[in-house]
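Enquirer: Sharing a sequence plus its predicted fold:
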Amino acid sequence: MKVRVFVSLKEGVLDPQGKAVEHALHSLGFEGASDVRISRVVDLHVKAENAEAARKKGEEMARALLANEVIEDFYVEVIV
Amino acid sequence: MKVRVFVSLKEGVLDPQGKAVEHALHSLGFEGASDVRISRVVDLHVKAENAEAARKKGEEMARALLANEVIEDFYVEVIV
Amino acid sequence: MKAGIVVFPGTNRERDMAQAFRVVSGKTPQMLWHQQDNVDGFDLIVLPGGFSFGDYLRSGAMAAHSPIMKAVRRFAEKGGYVLGVCNGFQILTEAQMLPGALLRNAGMRFLSQDCHLKVEGRDSIFTSGWTHGDVFRAPMAHGDGNYTAAPEVLDRLEGEGRVAFRYCTAEGHMKDSDEHVNMNGSARSIAGVLSENRRVCGLMPHPENLTEEILSGTDGLPLFTGIMEALG
Amino acid sequence: MTAAHVDIELARSFGLKDDEYETVLTIMGRTPSLTELGIFSVMWSEHCSYKSSRLHLKTLPTKAPWVIHGPGENAGVIDIGEGLAAVFKMESHNHPSFIEPYQGAATGVGGILRDVFTMGARPIANLNALRFGDPSHKDTKRVVDGVVRGIGGYGNCMGVPTVGGEVNFHHSYNCNPLVNAMTVGLARQDRIFLSAAAGVGNPVVYVGSKTGRDGIHGATMSSAEFDSESSSKRPTVQVGDPFTEKLLLEACLELMATDAVISIQDMGAAGLTSSAVEMASKGGVGIDLDLDHVPQREANMQAYEMMLSESQERMLMVLRPDRTEEARRIFEKWELDFAIVGRLTDSGRITVRHNGKVEADIPLGPLADEAPIYDRPTMEYERQPALVPPADPCGIEKGLLRLLASANGASRAWIWNQYDSGVGGQTVQRPGGADAAIVRVEGTDRGLAMTTDCTPRYGQADPYVGGAQAVLEVWRNLTATGAKPLAMTDNLNFASPENPRIMTQFVEAVRGIGDAGRALDFPVVSGNVSLYNETRGDDGSVTAIQPAPVIGGVGVLEDVRKAVGLAMPQDGELLLVGETWGELGQSMWLKEILGREEGAPPAVDFAAERRNGDFVREQIQGGAVLACHDVSDGGLIVALAEMAMAGNVGCVLDVAPAALPEHIYWFAEDQARYVLATRQADAVMKAAQEAGVPVRRLGRAGGDVLELGDVMAVPVQHLRRQHASFFPRFMGKEEDAPVVHLDEIS
Ligand SMILES: Nc1ncnc2c1ncn2[C@@H]1O[C@H](COP(=O)(O)OP(=O)(O)O)[C@@H](O)[C@H]1O
Ligand SMILES: [Mg+2]
């Protein structure tokens, strides 16, 4: 089953990448771009009986490795 | 308007990060994990009349900076 | 020879590069700020190492779109010489002035150690200080040095003698799959490449840091003496 | 945030003691506002006020003719000749590095870099002194991985080479690792910048990154012990942005080349509060801040939050009014925020306005002068009795291999190979090459030697010796390259000073540092204190760290070409300088081979140290020495093995003198000793005799085997493999580390 783990910085945590990209977009002429935030998506296959089990696996993996919960939030989608 | 640009490595381009994460997941006991691919998501606000215009802006930005089309594909979602 | 070194926000090996040129020529190249839109009057433009724009998004991506890179591209199209080292190489690939791309190192860690390089490129001022097949030592210092390109691009580079340098053992053996030799996992052990006209060169390791005996050796000198001899 | 009700409860939760809060009430003559309470609590935190340590730090030697600025400035400044100055300091980021190792370590590096470039110096080298828990503890791998990545991530991006450091593992650091970062910078002596504000009416300018809600109460947190609830304090962790710091560095140095700057101070712990208070109170002026002008990253920030935020990569400056626009242009060029956020006044007060309302108005004198100072109780320290020398259970060869493959004896190459040690193009000795790293002073023939050292197990057994020995080892490591040691910085990591036993450790260690510094003319020019390094378990038990009075030292070489490394040369004779009495108490051998942390640590002898060191330096400077290595952890045989591994060259050693059992001779950790490799052994021996320096012949360099009579013969390649095996195996690359089990060796 295909699982997608979406990992983004917690609200309020500085996003240096987003900040730099926003700046670069402005100098490329995209002045209207704002609130740029950069996140990470991890797509993977897991062996699971059903969607619920796959989601649980995804969450376990996020907690164990894919996300750094001190500064990041995550959510998991199951794509069947 | 809120735009989300998904950037992922082209099919066939080796993903060293994905490979390393897969390896790490296995050694953490998630043996069933496979085909791990890591992508980047850029969320941002743009000034645009309508969803179509926002999507176009997103695509322009992806082409100009957010994606490297030599190795990456992208697609744009508009979140109103 | 008049050389210019481009400085982007976050560039950090411009002084090292200037020092290497000073060692061979006695002259200090001019520093060029990234917002400059013209590089006329130079014989050689150097894109040095560092973390331009923090290496955020992708290494070299933001620098590749800066005003000076438009000028550098025009300069190269008119036959000017361009050298990109480390971040400079990444910028040249992002600007599509050189083929391929540099991905995260295979081991996912920043690599700061000496490697050995075999000189393979032909007919270029960037390799002319060595004899074809020579092996030399150079420090590397990068997180994204894993060279990749489509197989047909790699074939073409090899066929045209445009692979400038490859990672190898001290004895000159190549082992693509050995992480002690091809440490960052580059396709076909490629460490540096040349443009079609052989006037643009990019490589990951830092010959500029090995140009004086007191700084642990002079293995990197031939890069600079070769350039000096060609451009006067 | 709802307006909190200020009372003694809230004060306690901010870390103020009841009597401290009473003093606040007296100073203010009323109940303080939330912002005022916040300001008092951070200024009076252990971290900012040094309330437990100040009395003792005052006893340290801080003066020498070559000291330009001692403790009290952002970093120490010393004269290194040719009108140049070395500017350096060490700083800890211990607690944040357990919670979020990557960001904790990264922002620690960022902070110490700012301390140095605030003074007008370009950072030319970083070092890092790290202490981790036992490798078998569940958190250790995570912490090592993140800390190493974080240090590299920040330093590499800044383009400052990381050239040295040290690493220990011990279970007392399981949940409280120590991350101490040192930066050395280079400045012209006539362009040093200080923090004392001056000139009533002058603008107070904020530059750098925007302010967010990062790390609020970081200063009080870093002075608080850890408990099982500390995970709930997690959102206070700051994220570092080395790219912005690089811009800030270049912009500040560009501005400092003009004459616009009157005073400047980085915003470190306690951010805007401590920088504003320190600048104004050092300058004896008042300061008015209008927070409406503070660049803000988040919406609806309160005064309290802005004053206590520890957002990184920010500076506060006082500028000449007629130069303010020129300064603005420089910061705009580097795409950094630049804002006039206040003025200097003659009120002697700090006044903070926000949205037209006065949020804080505090007299600076009492805020500084009435800051608490504690003379905390101490006790008689139960020192360990001398060790009764144990028998050797395994032989020299097995013992040596086991030490080299142990966590504390293993090669640190896995770590330093992630640090860019060559950027800047001046690195003469990288990690592993010499006892101290050596960086050439750009544009001159000079070199700076630098190192950090501490042996916590010695200090645990005898804190006075622990403090003194750390100084001696630093001085010795500098000397072993041929450099003249000039001055030191310290980072005093201890557990809770409220515990008399710990306070005794602290006081004794400081006394040891002071005595050693005086004996060697090696003053302390900067430093940092980190207390409350302990962990409270769920059952209420407290684990204190082994005390770590870490010392960082800087020395100068007038001609950097005369420096020597530690690599074994292809040939030459090996000499041992210094006396071997057979000190095995608290030795690495005792710990790794017998699993015992016992006995008195090796005695320190300042006179012998100085005499032997001065002799060695003279010999190096005179060109008689090919390589030199001091004898420390693991004793003489480990020192020789390290030389062999570094040079990939073996040696043939004479057997031990009959006076001592073999294992004691080879593994003892007697101080004040060096191994020299020379082709002029007779001349060196003669000179030693004349100088009253004990010296003996050890054998000859050469070949590819480490050979000791018929006791052992190990190929250097094998030593290298064993030495390199620990980190890759520990950090998860098993296939890299084909470890030969000890039982298979013999
Ligand atoms: N964390 C670190 N970062 C960089 N270099 C390190 C680190 N830890 C140790 N080193 C380097 O490893 C070498 C050996 O360290 P150490 O055993 O502490 O040396 P010594 O005992 O001679 O002081 C030194 O060159 C030191 O600078
Ligand atoms: Mg040490």
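Expert: Structure received. Ligands and ions are numbered 1, 2, ... in the order given.
Enquirer: sec struct for D:Ala327, please.
Expert: The three-state assignment at D:Ala327 reads helix, by DSSP: H, G, I helix; E, B strand; the rest coil.
Enquirer: Now chain D against chain B: closest residue?
Expert: Proximity of chain D to chain B (C-beta to the nearest C-beta) peaks at D:Gly732, 6.7 Å away. All C-beta atoms are positioned from the backbone trio N, CA, C, and that covers glycine.
Enquirer: How many neighbouring residues does that residue have?
Expert: 14 (other C-beta atoms under 10 Å in any protein chain shown).
Enquirer: which residues touch C:His34?
Expert: C:6-9, C:52, C:63, C:66-68 (C-beta atoms under 8 Å, 6 or more residues apart in numbering or on different chains).
Enquirer: actually C:Met108, not the one I wrote
Expert: Shown in contact with C:Met108 (C-beta under 8 Å, 6+ apart): B:16-17, B:20.
Enquirer: Go through those residues and flag which are in helices.
Expert: Judged by DSSP state H, the contacts of C:Met108 include B:16-17, B:20 as members of helices.
Enquirer: Can you check those residues and name whichever has the most neighbours?
Expert: Of the ones in helices among the contacts of C:Met108, B:Pro16 is surrounded by the most neighbours, 21 neighbours in total, counting by other C-beta under 10 Å.
Enquirer: How about the secondary structure of the closest residue to D:Ala681 other than its chain neighbours?
Expert: Spatial nearest neighbour of D:Ala681, excluding adjacent residues (C-beta to C-beta, 6 or more residues apart in numbering or on different chains): D:Glu573 at 3.9 Å. Secondary structure assignment for D:Glu573 (three-state DSSP): strand.
Enquirer: Would you agree D:Glu573 is in contact with D:Arg696?
Expert: No - assessed by C-beta atoms under 8 Å, D:Glu573 is found out of contact with D:Arg696, at 11.1 Å.
Enquirer: who in chain A is up against chain C?
Expert: Counting by C-beta under 8 Å from any C-beta of the partner chain, the residues of chain A close to chain C are A:16-17, A:20-21, A:24, A:27-28, A:38.
Enquirer: picking up where we left off before, out of the contacts of C:Met108, the closest to D:Gly635 would be?
Expert: Nearest to D:Gly635 among the contacts of C:Met108, counting by C-beta to C-beta, is B:Ala20 at 40.0 Å.
Enquirer: which residues sit in contact with that closest one?
Expert: Residues near B:Ala20 by C-beta under 8 Å, 6+ apart: C:106-108.
Enquirer: Quick one: residues contacting the residue of chain A found nearest chain D.
Expert: Scanning chain A for proximity to chain D using C-beta to the nearest C-beta identifies A:Pro16 as nearest, at 3.8 Å. For A:Pro16, the contact set (C-beta under 8 Å, 6+ apart) comprises C:54, C:56, D:239-241, D:243-244.
Enquirer: Nearest to ligand 1 among these?
Expert: D:Gly240 (18.0 Å; C-beta to the nearest ligand atom).
Enquirer: Am I right that that closest one is in contact with D:Gly111?
Expert: No - with contact defined as C-beta under 8 Å, D:Gly240 and D:Gly111 do not form a contacting pair (9.1 Å).
Enquirer: Now do the shared contacts for those two.
Expert: Residues touching both D:Gly240 and D:Gly111 (C-beta under 8 Å, 6+ apart): D:Gln312.
Enquirer: which residues in the chain form helices?
Expert: I went with chain A, as the question did not name one. Ranges of helices in chain A, per DSSP H, are A:16-27, A:51-61.
Enquirer: that answer is for a different chain, and I need it for chain C
Expert: Applying DSSP H to chain C gives helices spanning C:14-25, C:61-64, C:67-77, C:87-94, C:151-159, C:221-231.
Enquirer: Mean pLDDT for these - can I get that in JSON lines?
Expert: Shown next, in JSON lines, are these (pLDDT from 0 to 100):
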{"stretch": "helix C:14-25", "mean pLDDT": "97"}
{"stretch": "helix C:61-64", "mean pLDDT": "96"}
{"stretch": "helix C:67-77", "mean pLDDT": "97"}
{"stretch": "helix C:87-94", "mean pLDDT": "98"}
{"stretch": "helix C:151-159", "mean pLDDT": "97"}
{"stretch": "helix C:221-231", "mean pLDDT": "97"}
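Enquirer: can you put these in TSV and add mean neighbour count?
Expert: Listed next are these as TSV, based on neighbours: other C-beta atoms under 10 Å in any protein chain shown:
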stretch	mean neighbour count
helix C:14-25	21
helix C:61-64	26
helix C:67-77	19
helix C:87-94	29
helix C:151-159	14
helix C:221-231	20
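Enquirer: returning to that earlier point: now flag whichever of the contacts of C:Met108 is closest to ligand 2.
Expert: Nearest to ligand 2, judged by C-beta to the ion, of these is B:Ala20 at 32.0 Å.
Enquirer: Show me what whichever residue of chain C sits closest to ligand 2 is bridged to.
Expert: Taking C-beta to the ion, ligand 2 has its nearest neighbour within chain C at C:Ser112, 20.4 Å off. Taking DSSP bridges as the rule, C:Ser112 bridges to C:Ala141.
Enquirer: And for it, the neighbour number?
Expert: C:Ser112 has 25 nearby residues by other C-beta under 10 Å.
Enquirer: I'd guessed it sits against D:Ile415; true?
Expert: No - when contacts are counted by C-beta under 8 Å, C:Ser112 is not listed as touching D:Ile415 (10.4 Å).
Enquirer: where do the contact lists of these two overlap?
Expert: Counting by C-beta under 8 Å, 6+ apart, C:Ser112 and D:Ile415 have no common neighbour.
Enquirer: Residues of the stretch 601-746 of chain D that sit close to ligand 1?
Expert: Residues of the stretch 601-746 of chain D lying close to ligand 1 by C-beta under 6 Å from any ligand atom are D:632-633.
Enquirer: Where do the helices of the stretch 601-746 of chain D begin and end?
Expert: For the stretch 601-746 of chain D, the helices defined by DSSP state H, counting those that start in this stretch occupy D:606-621, D:635-647, D:662-667, D:681-691, D:716-730, D:742-745.
Enquirer: quick one on the thing from earlier: got a markdown table for the contacts of A:Pro16, with pLDDT and distance to chain A too?
Expert: Below are the contacts of A:Pro16 laid out as a markdown table (pLDDT from 0 to 100; distance: C-beta to the nearest C-beta, whole Å):
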| residue | pLDDT | distance to chain A |
| --- | --- | --- |
| C:Gly54 | 96 | 5 |
| C:Tyr56 | 95 | 4 |
| D:Val239 | 91 | 4 |
| D:Gly240 | 94 | 8 |
| D:Asp241 | 95 | 4 |
| D:Phe243 | 97 | 6 |
| D:Thr244 | 96 | 7 |
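Enquirer: Go through those and say which is closest to ligand 2.
Expert: Taking C-beta to the ion as the measure, ligand 2 sits nearest to D:Gly240 out of the contacts of A:Pro16, at 26.6 Å.
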